[in-house]
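> what follows is a predicted structure for the sequence shown.
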Amino acid sequence: MSEIVVKVENLYKEIEGRKILKGVSFEVRKGEIFSIIGGSGSGKTSITKHIIGLWKPTSGRVEVFGKEVPKLSLREMDELRKNIGYVFQEGALFDSLKVWENVGFYFLEHTNMRREEIRKIALEKLRLVDLEEDVMDLMPSELSGGMRKRVSIARAIATNPQLIIYDEPTSGLDPITSRVIDRLILQLRERTGTTAIVVTHDMISAFTISDRLMVVKKGEIVAMGTPEEVLKSDDPFIQEFIGDMKDCLAKGSEVSN
Ligand SMILES: Nc1ncnc2c1ncn2[C@@H]1O[C@H](COP(=O)(O)OP(=O)(O)OP(=O)(O)O)[C@@H](O)[C@H]1O
Ligand SMILES: [Mg+2]
């Protein structure tokens, strides 16, 4: 049995009397690509906020790399965040910084490393997402949506995190670019062995890149397992939610390793 990177047990979150998460439990193993899918407002992003320690559970346990996140000291929390790459929805790049400064942001902010050294790391990470030296000095506004997404992935992997959380990595992208990002997520796992949690609305993405996935509805897990297992579920919500996916997958996916 492989190492467990994230372990969430009976997680409840209530904000101002509203129950946002209602007893969520799951584990993510080392090297796994684990997707969280579900309708808007179902609680997907809220789950990831507990994993990176932005939110404390109302009750329940959240363990990452074997440590209880709500109990971490400030220093341990910094270490945790260094070990988790977070790819924000919409990329969230710093508009006033060049591409390489965005990718090397952590080192510019938290270390005394020379700019030349940081540029080198940035280039190495940009190459991992199939970008080249010519984008280093561009501003985010000069990039296409797909390139921006790649740069934000390069930034998320800059510190060699053991876990990457992608929040809607394909949102706002055309279907072809979305499949390119899917392939990139798979390649990164192959090249670096990094564990990935992918929050997505994109059913094709979820069912083609995930080792396992879970479906969240109104703060509760309604299905979890391999793509095949989840597709077999007869829960009406899942059937409706995945809709045409079955036909689409039956015809064979374009995405491969
Ligand atoms: N800071 C907050 N304060 C109060 N309620 C919040 C807060 N953030 C999220 N919520 C509520 O928690 C619920 C779950 O939100 P969450 O952002 O986790 O959904 P999601 O599944 O990520 O949705 P989407 O697919 O639209 O991103 C929603 O009802 C939302 O209104
Ligand atoms: Mg969200």
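Right, received. Where do you want to start? Ligands and ions are numbered 1, 2, ... in the order given.

> Ile36 pairs with what?
With DSSP bridges as the criterion, Ile36 is bridged to Val199, Met214.

> run a quick neighbour tally on it.
27 (other C-beta atoms under 10 Å). C-betas here are computed from N, CA, C, even on glycine.

> shouldn't it be in contact with Ile47?
Yes. With contact defined as C-beta atoms under 8 Å, Ile36 reaches Ile47; the gap is 6.3 Å.

> where in the chain is pLDDT low?
Low-confidence segments of the chain (pLDDT under 70): 1, 90-91, 243-257.

> was I right to think Phe105 contacts Ala154?
No. The pair Phe105 / Ala154 is not scored as a contact, 10.7 Å apart, by C-beta under 8 Å.

> where do the strands sit along the stretch 1-150 of the chain?
4-15, 18-29, 33-37, 59-64, 67-68, 84-87 (DSSP state E, counting those that start in this stretch).

> mind putting these into CSV with distance to Ser178?
Formatted as CSV, the strands of the stretch 1-150 of the chain follow (distance: least, C-beta to C-beta, whole Å):
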stretch, distance to Ser178
strand 4-15, 25
strand 18-29, 23
strand 33-37, 14
strand 59-64, 28
strand 67-68, 34
strand 84-87, 14
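
> out of those, which gets nearest to Ala196?
Smallest distance to Ala196 across these (C-beta to C-beta): 4.7 Å, for strand 33-37.

> what is the closest one packed up against?
helix 44-51, helix 175-192, strand 195-200, helix 203-209, strand 212-217 (3 or more C-beta pairs under 8 Å, 6 or more residues apart in numbering; DSSP states H and E).

> list the contacts of that strand.
Outside strand 33-37, the residues that touch it by C-beta atoms under 8 Å, 6 or more residues apart in numbering are 26, 28, 44, 47-48, 185-186, 189, 195-201, 203, 205-206, 209-216, 241.

> quick one on the thing from earlier: who has more neighbours, Phe105 and Ala154?
Ala154 (28 against 17).

> please identify the helix or strand for that one.
helix 145-156 (DSSP states H and E).

> just checking, what packs against that helix?
Counting by 3+ C-beta pairs under 8 Å, 6+ apart, helix 145-156 packs on strand 84-87, helix 99-103, helix 115-128, strand 163-167, helix 175-192.

> which bits of the stretch 151-257 of the chain sit near ligand 1?
Proximity of the stretch 151-257 of the chain to ligand 1, by C-beta under 6 Å from any ligand atom, involves no residues.

> can you name the residue of the stretch 151-257 of the chain nearest ligand 1?
Nearest to ligand 1 in the stretch 151-257 of the chain, going by C-beta to the nearest ligand atom, is His201, at a distance of 6.0 Å.

> tally of neighbours for that residue?
Neighbours of His201 under the rule other C-beta under 10 Å: 14.

> thought it was touching Ser171?
Yes. His201 lies in contact with Ser171 (C-beta under 8 Å); the separation is 6.6 Å.

> between Ile36 and Ile47, what contacts are shared?
199, 216.

> who's in contact with stretch 225-243?
Everything outside stretch 225-243 that qualifies as a contact, by C-beta under 8 Å, 6+ apart, is 37-39, 203, 206-208, 210-213, 215, 217, 222-224, 245-246, 249.

> and those residues, which are buried?
Taking 16 or more other C-beta atoms under 10 Å as the criterion, what is buried in these is 37-38, 203, 206-208, 210, 212-213, 215, 217, 222-224, 249.

> among the residues you listed, which one sits closest to Ser2?
Arg212 (12.3 Å).

> list the contacts for the closest one?
Contacts of Arg212 by C-beta under 8 Å, 6+ apart are 32, 34-35, 224-226.

> can you say which of those are buried?
With burial judged by 16+ other C-beta under 10 Å, the buried subset of the contacts of Arg212 is 32, 34-35, 224.
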